[in-house]
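Participant: Coordinates for the following, if possible.
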Amino acid sequence: MKRWDADQESVAETPDLAALAALLADRTRAAICMALLDGGAWTAGELAAYAAVAPSTTTEHLNLLVAGGLLAEERQGRRRYVRLAGPEAAETLENLAGLAPYRRVPVRSLAEANHRRALHHARTCYDHIAGALGVAIVEAMTERGLLGRDHGPVLTVDGADWLTALGIPDAGPPAVHRAHVRTCLDWTVRRRHLSGAVGAALYRHALERGWVAKAVATRILTVTAAGRTAFRAQLGLPDEALFPSLALPPPPPGGPGALSPRRPG
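Facilitator: Predicted coordinates:
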């Protein structure tokens, strides 16, 4: 057996969770990441306006987030665009938001209250459906035996047949490292919504069929009349899952207030 030489140089690798936490410890960087959960590409100027900070400060934050692997960048001429590094980064952020404590923020107008109601009801989480609608979809699929949970979420044979009947014959991972079925801890409801390749395929189908409509420059989704009919027929979703609440939603168990970036996403 070879003897260990204390003078011999040796290097091992271990996950640096503290480095990731440090990236998100700044409220401006956290707000930028939450905004990018819409799945789109933003310019530095757009993110500076969103976060209400100077462009030079925004550039510093973006450089750190890109270097840390949470964001990816691309350039078109002189324009620099940034987006989340991929679905795994999006799911990580949504799960962290679901675990984060809540803080109180003022709601100063009826328009902002309506925005928050809509955001809590249905929104995109990168490339899948989140909010109360997303949680209701997971629960209905589980109750109907389309999803199994014996060893984590899995699409059952009945679930695969159901997707095929909807016109989604292949919901397999579009990329080598994309999980087939995953769930995110929803930060507004604090229960699970569907992500992974199946969640993305279901969202694309709902968007293409006009079951949901995505508002411009926001993550908010609206369930259309056709969508209400389809979700009732396919999953038996109740009206409370298909319409935003008339009242501001209370914070879910686990925190005293409401969590948001500088303005709702």
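
Participant: Buried residues, stretch 84-91. List them.
Facilitator: Neighbour counts over stretch 84-91 (16 or more other CB atoms under 10 Å) mark 84-87, 89-91 as buried. The C-beta positions use only the backbone N, C-alpha and C, and glycine is treated the same way.

Participant: just those residues now: which is nearest residue 136?
Facilitator: residue 91 (19.2 Å; CB to CB).

Participant: what helix or strand is the closest one on?
Facilitator: helix 87-99 (DSSP states H and E).

Participant: Show me how far that helix is from its chain's centre.
Facilitator: Centre-to-centre, helix 87-99 and its host chain are 6 Å apart (CA atoms, centre = their mean, to the nearest Å).

Participant: now the closest residue to residue 71 other than its chain neighbours: how far from residue 110?
Facilitator: Nearest in space to residue 71, with sequence neighbours left out and distances taken as CB to CB, 6 or more residues apart in numbering, is residue 65 at 4.3 Å. From residue 65 across to residue 110, the span is 34 Å (CB to CB, to the nearest Å).

Participant: quick one: which of the two has more around it?
Facilitator: residue 65 (24 against 8; other CB atoms under 10 Å).

Participant: Check that one and give its pLDDT.
Facilitator: With respect to pLDDT, residue 65 scores 96.

Participant: With residue 2 instead?
Facilitator: 63.

Participant: Then residue 173?
Facilitator: 48.

Participant: Equivalent analysis for residue 184, please.
Facilitator: pLDDT, read off for residue 184, is 89.

Participant: a strand runs through it, doesn't it?
Facilitator: Yes. Residue state for residue 184 (DSSP: H, G, I helix; E, B strand; the rest coil) corresponds to a strand.

Participant: Tell me which residue is most central in this protein.
Facilitator: Centroid check for the chain by CA atoms, centre = their mean gives residue 125 as the closest residue, at 2.5 Å.
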